[in-house]
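Novice: Provided below for reference: sequence and predicted model.
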Amino acid sequence: MNKRWYDIDPTVSLAVSLMRNANIMTQYKCADLIISKSKENGIDLSENILTDAFNYVLRRWYDTDQKIAESFEYLKLMPDDLQKEIALDLINLLQEEES
């Protein structure tokens, strides 16, 4: 069975799972965090990638919203160590939002 790209690291998988179960406003806060941290670390998406990423058949839960889909494209492109670091930031943010 093939794992989803975010299931390879248990920390990233947990962050994505928690984000999926959060309300939409919290998901937007998470998306903003992912995008800003990505840009701080020199990761940028071209407009073509964003358009193409959003125009295919929407199969994944995060594809239904362009901002969230964009943030996941950033997360997917990150080096593993940065992915894990941001996953920990997301988990902290999601715990704060829940309390």
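Specialist: Here it is on my side, so go on. Predicted model only: the values in this text are computed from it and were never measured.
Novice: Going by C-alpha atoms from here, please, whenever you check contacts or count neighbours.
Specialist: Fine.
Novice: Over to the residue nearest the centre of the chain. Which of the three states is it?
Specialist: Centroid check for the chain by C-alpha atoms, centre = their mean gives residue 72 as the closest residue, at 3.4 Å. When classified by DSSP: H, G, I helix; E, B strand; the rest coil, residue 72 comes out as helix.
Novice: check contacts around it.
Specialist: Listed by C-alpha atoms under 8 Å, 6 or more residues apart in numbering, the contact partners of residue 72 are 31, 34, 62.
Novice: go with 10 Å
Specialist: Residue 72 sits next to 6, 16, 31, 34, 35, 62, 63, 66, 78 when contact means C-alpha atoms under 10 Å, 6 or more residues apart in numbering.
Novice: Any idea which of these the model trusts least?
Specialist: Least confident of the contacts of residue 72 in the model: residue 63, at 68.
Novice: Look up how far residue 99 lies from the residue nearest to the centre of the chain.
Specialist: Plainly put, residue 72 is 25 Å away from residue 99 if you go by C-alpha to C-alpha, to the nearest Å.
Novice: and what of residue 74?
Specialist: Counting by C-alpha to C-alpha - residue 74 and residue 99 are separated by 27 Å.
Novice: between these two, which one's more packed in?
Specialist: Comparing residue 74 with residue 99 by other C-alpha atoms under 10 Å, the one with more neighbours is residue 74, at 22 against 5.
Novice: thought the more buried one was touching residue 40?
Specialist: No. Using C-alpha atoms under 10 Å, residue 74 makes no contact with residue 40, being 11.7 Å away.
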